[in-house]
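Student: sequence-free structure coming up:
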């Protein structure tokens, strides 16, 4: 291209490039690139002119760092840098692009397109040495960054990506699958109309999606299987309309969904199965609309209020060391009833272990008792009767004071009955003095003998009362022994 072909606007860019100076076409600082289609020739630059500069056609100035720094330009045509090696930083802020930039396989120093409006971006397998910024961009077409390698950070905060309202996307609007980011992905206040894809991505620092809006009703809003993060994944106050899928992800720090909202009625709202996570936070979240799947995942801390669990969950194989906030067992147990596959003994054992870790042995015993009661519903009717008897008498060994209460009540009844009508002695003159309390104890406790039972014989209904006391004593002794034995085996 000859220099004489340049328009006045292009001449300004051409002359500023070798010095790395900025060219600002904006009429005022608050100009919006959304209105760029109506801008005139005084701020129009052809994409082929920018390509020629970046690929070495422009003049060089010794002692200066050349760079493309343009604000508020209307860029017509498509900026084609496929497979190019560009040694100069590219900063095209507040610009309007007629065609989607094409940077497939390119090697770039830095790419900054903040506050610009684009019909898309094709930059799969691009290599960026410093930073890639799409902050506050409006992008109506797909952003293809699959397999990109960014040594610095990727910034998407405030961006709006996806088709206009009422239009359907032919492919995921934001494709970051298998990207490698050296530091962080910062995407606070990001809005994606469609799917955000992060499958197989590796991020050296954190992924921040605070206040992000991921809108793909009826589909997958965040597809991040096998995501590896160096520190945290934050989605504080995020909105997900569609499935959030984190299957197989590795997040050593926090997976923080505090005050976020999930809505996938009739489908899976949150899938975080087979994950290894330091801390998972769902603090302040309303009840999830849709199923939550945490199967086979491992958490050091699981912070989930009891009111956040949805009507159906999948927690088979879920492991956690600490459960927060610390709530009474009665508020945690209903969630275990919501397991989609039915009764899971391990889920109760895991909850009991968490209470023991917190030093709450009473809550742990309550969970164990609930487990046995739930198990009883799966047994044949005859076995259920024995279970009910153990439950009523000693709470399966976890409520031993119940046996004492039953014994005290029966002791009182027997003592009053036999005080009112003492049984006759079997051998006159040889029987010890009658004592109604110890006589009742002799009847109820088979391993205790005070010589009263063998010396006196009741008659009438008092004899039937003695039979009742004997049978009840044996039942209480047997169930107490069974319950205590079970409790000791668990410990």
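Tutor: Looks like it arrived, so ask away. Everything numeric in this text was worked out from a predicted model, so none of it was measured. Numbers count the residues shown, from 1 in each chain.
Student: Any regions of the protein where pLDDT drops low?
Tutor: Counting by pLDDT under 70, the chain has low-confidence residues at 1-4, 57-60, 165-169, 386-404, 429, 446-448, 450, 477-491.
Student: In it, what residue spans correspond to helices?
Tutor: 8-16, 47-54, 329-336, 345-357, 361-376, 381-394, 401-420, 436-444, 461-490 (DSSP state H).
Student: okay, those helices in CSV with distance to residue 190 and mean neighbour count next?
Tutor: The way it works is simple: take the backbone N, C-alpha and C, and place the C-beta from them, glycine included. Shown next, in CSV, are these (distance: least, CB to CB, whole Å; neighbours: other CB atoms under 10 Å):
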stretch, distance to residue 190, mean neighbour count
helix 8-16, 30, 18
helix 47-54, 26, 21
helix 329-336, 31, 17
helix 345-357, 35, 18
helix 361-376, 41, 19
helix 381-394, 53, 15
helix 401-420, 57, 15
helix 436-444, 72, 22
helix 461-490, 49, 16
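Student: how about JSON lines for these, with distance to residue 266 added?
Tutor: Formatted as JSON lines, those follow (distance: least, CB to CB, whole Å):
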{"stretch": "helix 8-16", "distance to residue 266": "53"}
{"stretch": "helix 47-54", "distance to residue 266": "46"}
{"stretch": "helix 329-336", "distance to residue 266": "20"}
{"stretch": "helix 345-357", "distance to residue 266": "24"}
{"stretch": "helix 361-376", "distance to residue 266": "27"}
{"stretch": "helix 381-394", "distance to residue 266": "35"}
{"stretch": "helix 401-420", "distance to residue 266": "44"}
{"stretch": "helix 436-444", "distance to residue 266": "58"}
{"stretch": "helix 461-490", "distance to residue 266": "40"}
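Student: just so I know, which of these lies nearest residue 286?
Tutor: Residue 286 sits nearest to helix 329-336 of all the helices of the chain, at 15.4 Å, using CB to CB.
Student: Name the residues that touch that closest one?
Tutor: Contact with helix 329-336 is made by 306, 309, 313, 315, 323, 344, 347-348, 351, 355, 363-364, 366-367, 370, 374, as judged by CB atoms under 8 Å, 6 or more residues apart in numbering.
Student: Now for those residues: which two are most distant?
Tutor: Among those, 313 and 364 lie farthest apart (CB to CB), at 21.1 Å.
Student: Out of the helices of the chain, flag the one nearest residue 192.
Tutor: The closest of the helices of the chain to residue 192 is helix 47-54. By CB to CB, the value is 26.0 Å.
Student: For residue 455, which of the helices of the chain is the nearest?
Tutor: Evaluated with CB to CB, these place helix 436-444 nearest to residue 455, the distance being 8.8 Å.
Student: can you give me the angle that closest one makes with helix 401-420?
Tutor: Our comparison of helix 436-444 with helix 401-420, counting by axes from the mean of the first three to the mean of the last three CA atoms, to 10 degrees, yields an angle of 130 degrees.
Student: now helix 436-444: how far from the chain's centre is it?
Tutor: The chain centre lies 60 Å from the centre of helix 436-444; the measure is CA atoms, centre = their mean, to the nearest Å.
Student: Which other helices and strands does it contact?
Tutor: helix 401-420, helix 461-490 (3 or more CB pairs under 8 Å, 6 or more residues apart in numbering; DSSP states H and E).
Student: what does that helix contact?
Tutor: Defining contact as CB under 8 Å, 6+ apart, one finds that helix 436-444 is touched by 407, 410-411, 414-419, 422-423, 448-453, 456, 466, 469-470, 472-473, 476.
Student: ok, now stretch 345-362?
Tutor: For stretch 345-362, the surrounding residues in contact (CB under 8 Å, 6+ apart) are 315-323, 326, 329, 332-333, 336, 339, 363-365, 367-368, 370-371, 374-375.
Student: Return the distance of residue 212 relative to residue 13.
Tutor: In this view, residue 212 and residue 13 are 34 Å apart by CB to CB, to the nearest Å.
Student: between the contacts of helix 329-336, which is closest to residue 275?
Tutor: Distances from residue 275 to the contacts of helix 329-336, taken by CB to CB, are shortest for residue 315, at 12.7 Å.
Student: And for that closest one, the neighbour number?
Tutor: By other CB atoms under 10 Å, 26 other residues sit near residue 315.
Student: Please name the residues that touch it.
Tutor: 294, 295, 336, 339, 344, 347.
Student: Turn these into CSV, columns for distance to residue 200.
Tutor: Shown next, in CSV, are these (distance: CB to CB, whole Å):
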residue, distance to residue 200
294, 21
295, 20
336, 33
339, 30
344, 31
347, 30
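Student: what's the farthest-apart pair in these?
Tutor: Farthest-apart pair in the contacts of residue 315 is 295 and 336; separation 14.2 Å (CB to CB).
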